[in-house]
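# fold the stuff below for me.
(2 chains)
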Amino acid sequence: MRDMTRARAAWLPWALPAIVLVAVFFVAPFLLNVRFAFSSWTSFRAEITWNGLDNVRTLIDQDLLANAVTVTVLYAILCMAIQNAVSLSLALALQRTGRVNTVFRSAFFLPTLISPLAAGYIWRGLLAPDGAVNSFLGIEWAWLGEPATALVVVAFIDAWKWSGLITLVYIAGLNSIPKSLLESATVDGAGAWTRFRRVVFPMLAPALTFNVAVTLVGALSAYDVIAATTGGGPGDHTRALNVVMRQQWGQGFFGTASALGFTVTLLVIATAVPLVWWLRRREVTG
Amino acid sequence: MRPAFRQALKYAALTLFAIPWVIVPVWLVVVNSFKPAGEAAELGLGLPRTWAVAENYGIVLDRGAYLTGLLNSLKVSVPIVAAVVLLGAAAAWAFGRSRSRWLQAAYFVMGLSILLPPSIIPTVYLLRALSLDGGSLGYVLTMTGCRVGIVVFLATGFVRAFPPDLEHAAAIDGASRPQVFVRILLPLLRPVLFVGGVILVISVWNDFFFALFLLQGSANATLPLSLFQFASGTLQSLNWNLVFAHVLLTTLPLVAVYVAAQKRVLAGLTEGALKG
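Numbers count the residues shown, from 1 in each chain, chains lettered A, B, ... in the order given. Just a heads-up that it's a prediction; the model follows:
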């Protein structure tokens, strides 16, 4: 066995299948995307040639890029905010493991099992002008058809779908806080709010880092819920990057579609790197 | 306030919240999938005045190509989940134990593959070049390559936290490496593989985005894809009764699995295997 840990080559076969799959089906497309984003490639001309920033220029000329970036970023922020507010509240209420709490945890986990597509159809039904939400509120409002609410509602549906899972991650985080720390804070005279702000919240940093990063990054790739509800409308108010990408792809403009996909990647990098760095630093200083 | 009173207040608030959050959405789907088209178009929450259960579900099974979709979903989900868990565990063992710089570099790239969005359009191009486009195999390989990073990442930390003494002892007793992997590593990694597996099953079963680009033709369509095609096909006058029947049937398999394994899923996800 000694020679087993020493013989480095001997470990390679165990990692190789995973490495090859990631290299071929993740890394290679990633690198190809950098080329395609700056290439002319359409269904009308199969030859792929460099064209510099032409794709970006085309997208700007058609007024597609700036709007898509704005919509995508707003969507991600809304989705992250709603999801984490709801999930953290639920986690605080359901932290202790008991029979009643398990029933509630189980119920609130249910939306996570529903596909984002199905979630889109369900809420499109609930929020229809003559639907259940409006008849309860006694108003008539096209939640998904009005520019004022469409984006918020679509982000809400996405948040609704994932909140169950994020709640459980927060519960795991809450339960990893040493009891003694809370007890000594109580002995020192800290009230519930002070305990939350001074002990629970800083100790929750790893779960918070994870959840904020995951929800933001995930929402930047938004597509499914929008496809099931607004299709990008009204006008272009919910036309996120991936929605435009799919449209460009459908029309045979593969180069511009790649450029849009690459924009999502850039947004993810621009979001994730400082976020993880900042949240990690906060974790240390508490 | 007395603790018991506060407790009661909390559960009252939670129940009040659960009504619009969980109960009404589920009820809307179920009850409207039992109504004839005209009645379901009102999108009300009342019981059906006329029941149309057999008609609606008959149409979904037939025109909605539900059974084909179910088989296709199983045909891709099972291999993806099995491959990701097994290959991920094997790679995590190597990454956790080897000090080779090359392997550590590969581990770093796998970490990036979790964070960065997959590049779907070049993937279509690549699959076409490999003559794997449109079919299940290309989809399975792509999904495995894009998802294996999560399991590798979760499990490698787990492997590192354990000293290799047990593996050494087994090797001295004459166990081969595959034997050590099956008898020691897999049981050791079970909690973390279970958590990874749960998240994987949910995301693979419900995947729409990859399927939309990579699977062509109704012969290969998975359930989300067949739901979308079905709903889009009737979009002009969205037949809510049929769409909801399809939604219910599409969600049901996962809910059934969840109900059966509920305790372990909730316990697994809350016991902090995701931490770190």
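# going forward, measure contacts between C-alpha atoms and count neighbours the same way
OK.
# sticking with residue 29, tell me its helix or strand.
Here I'm looking at chain A. Here A:P29 sits within helix A:28-36, counting by DSSP states H and E.
# ah, no, chain B please
Using DSSP H and E, B:V29 maps to helix B:24-32.
# low-confidence ranges in chain B?
B:1, B:234-237, B:272-276 (pLDDT under 70).
# hey, where'd the helices end up in the stretch 151-286 of chain A?
A:179-187, A:192-195, A:201-203, A:205-220, A:224-229, A:241-250, A:254-285 (DSSP state H, counting those that start in this stretch).
# same deal with chain B?
Applying DSSP state H to chain B gives helices spanning B:3-18, B:24-32, B:37-40, B:53-62, B:66-97, B:101-115, B:120-129, B:136-161, B:165-172, B:177-180, B:186-205, B:209-214, B:223-233, B:240-270.
# distance to A:V20 added to these, as TSV?
Below are the helices of chain B laid out as TSV (distance: least, Cα to Cα, whole Å):
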stretch	distance to A:V20
helix B:3-18	45
helix B:24-32	42
helix B:37-40	50
helix B:53-62	39
helix B:66-97	11
helix B:101-115	10
helix B:120-129	14
helix B:136-161	8
helix B:165-172	26
helix B:177-180	20
helix B:186-205	20
helix B:209-214	20
helix B:223-233	28
helix B:240-270	29
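# tabulate the ones you listed (TSV), appending distance to A:P13 and mean neighbour count.
Written out in TSV, the entries for the helices of chain B read as follows (distance: least, Cα to Cα, whole Å; neighbours: other Cα atoms under 10 Å in any protein chain shown):
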stretch	distance to A:P13	mean neighbour count
helix B:3-18	50	12
helix B:24-32	48	20
helix B:37-40	57	17
helix B:53-62	45	16
helix B:66-97	9	22
helix B:101-115	11	17
helix B:120-129	25	20
helix B:136-161	15	23
helix B:165-172	18	14
helix B:177-180	11	14
helix B:186-205	17	19
helix B:209-214	29	19
helix B:223-233	36	22
helix B:240-270	30	19
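# save the ones you listed as a markdown table, and put in distance to chain A too.
Formatted as a markdown table, the helices of chain B follow (distance: least, Cα to the nearest Cα, whole Å):
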| stretch | distance to chain A |
| --- | --- |
| helix B:3-18 | 7 |
| helix B:24-32 | 7 |
| helix B:37-40 | 10 |
| helix B:53-62 | 15 |
| helix B:66-97 | 4 |
| helix B:101-115 | 7 |
| helix B:120-129 | 5 |
| helix B:136-161 | 4 |
| helix B:165-172 | 6 |
| helix B:177-180 | 9 |
| helix B:186-205 | 6 |
| helix B:209-214 | 7 |
| helix B:223-233 | 7 |
| helix B:240-270 | 4 |
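# need the residues of the stretch 101-250 of chain A near chain B, please.
A:104-108, A:110-118, A:121-123, A:125-126, A:130-132, A:160, A:168-169, A:171-173, A:175-176, A:206-207, A:217, A:221, A:223-224, A:228 (Cα under 8 Å from any Cα of the partner chain).
# mark which of those are buried, thanks.
A:104-106, A:108, A:110-118, A:121-123, A:125-126, A:130-132, A:160, A:168-169, A:171-173, A:175-176, A:206-207, A:217, A:221, A:223-224, A:228 (16 or more other Cα atoms under 10 Å in any protein chain shown).
# ok, back up a step: would you mark the buried spots in the helix holding A:P29?
Across helix A:28-36, burial judged by 16+ other Cα under 10 Å covers A:P29, A:F30, A:L32, A:N33, A:V34, A:R35, A:F36.
# and it, how far from the chain's centre?
Here the centre of helix A:28-36 is set off from its chain's centre by 23 Å, with Cα atoms, centre = their mean, to the nearest Å.
# report all helices and strands that it contacts.
helix A:254-285, helix B:120-129 (3 or more Cα pairs under 8 Å, 6 or more residues apart in numbering or on different chains; DSSP states H and E).
# what's the following helix or strand after that helix?
According to DSSP H and E, the helix or strand after helix A:28-36 is strand A:39-40.
# quick check: mean pLDDT of that next one?
Averaging pLDDT along strand A:39-40 yields 88.
# show me what that strand is packed against.
Strand A:39-40 sits against strand A:49-50, helix A:54-61, with contacts defined as 3+ Cα pairs under 8 Å, 6+ apart.
# list the buried residues of the longest one.
For helix A:54-61, burial by neighbour count (16+ other Cα under 10 Å) applies to A:D54, A:N55, A:V56, A:L59.
# ok, it near chain B or not?
No. Helix A:54-61 is not in contact with chain B by Cα under 8 Å from any Cα; minimum separation 14.8 Å.
# dump that helix to PDB, restricted to CA.
Written as PDB, here are the backbone C-alpha positions of helix A:54-61 (Å, rounded to 0.1, in the frame of the first residue of the first chain):
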ATOM      1  CA  ASP A  54     -18.800  42.000 -35.500                       C
ATOM      2  CA  ASN A  55     -21.200  39.800 -33.500                       C
ATOM      3  CA  VAL A  56     -21.200  42.200 -30.600                       C
ATOM      4  CA  ARG A  57     -21.700  45.100 -32.900                       C
ATOM      5  CA  THR A  58     -24.600  43.400 -34.600                       C
ATOM      6  CA  LEU A  59     -26.200  42.700 -31.300                       C
ATOM      7  CA  ILE A  60     -25.700  46.300 -30.200                       C
ATOM      8  CA  ASP A  61     -27.100  47.600 -33.500                       C
END
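# right, and the helix or strand after it?
helix A:65-93.
# show me what contacts the residue of the stretch 1-150 of chain A found nearest chain B?
Here the stretch 1-150 of chain A gets closest to chain B at one residue, A:A15, 3.8 Å apart by Cα to the nearest Cα. By Cα atoms under 8 Å, 6 or more residues apart in numbering or on different chains, the contact set of A:A15 is B:L87, B:A90, B:A91, B:A92, B:W93, B:A94, B:F95.
# export those residues to CSV and tack on distance to A:V200?
Formatted as CSV, those follow (distance: Cα to Cα, whole Å):
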residue, distance to A:V200
B:L87, 37
B:A90, 37
B:A91, 36
B:A92, 32
B:W93, 34
B:A94, 36
B:F95, 34
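# list just the nearest of those to A:V244.
Proximity of the contacts of A:A15 to A:V244 was ranked by Cα to Cα; the top entry is B:L87 with 35.1 Å.
# now the closest one. Nearest residue, chain neighbours left out?
Spatially, and ignoring its direct neighbours in sequence, B:L87 is nearest to A:A18 (5.8 Å; Cα to Cα, 6 or more residues apart in numbering or on different chains).
# next, count neighbours for the one you found.
26 (other Cα atoms under 10 Å in any protein chain shown).
# that one touches B:G88, doesn't it?
Yes. The criterion here is Cα atoms under 8 Å, and A:A18 meets it with B:G88 at 6.5 Å.
# overlap in contacts of these two?
Going by Cα under 8 Å, 6+ apart, residues that sit against A:A18 and also against B:G88 are B:V148.
# related to what we said a few turns ago, which of the contacts of A:A15 lies closest to B:L269?
For the contacts of A:A15, the nearest to B:L269 is B:A92 (19.9 Å; Cα to Cα).
# distance of that closest one from B:V159?
7 Å (Cα to Cα, to the nearest Å).
# so the residue lying closest to A:F253 once chain neighbours are set aside, which state does it fall into?
Nearest non-adjacent residue to A:F253, counting by Cα to Cα, 6+ apart: A:T42, 4.7 Å away. Secondary structure state of A:T42, per DSSP: H, G, I helix; E, B strand; the rest coil, is coil.
# A:T42: neighbouring residues, count only.
Counted with other Cα under 10 Å, A:T42 comes out at 18.
# for it, what are phi and psi?
Backbone torsions of A:T42, given as degrees, to the nearest 10, read phi -130, psi 170.
# quick check, it in contact with A:G250.
No. Proximity of A:T42 to A:G250 does not meet the contact threshold set by Cα under 8 Å, at 10.5 Å.
# tell me which residue is most central in the chain.
Let's take chain A. Note on chain A: the residue nearest the mean C-alpha position is A:G218, at 2.3 Å, using Cα atoms, centre = their mean.
# chain B, not that one
Taking Cα atoms, centre = their mean, chain B has its central residue at B:I202, 1.9 Å away.
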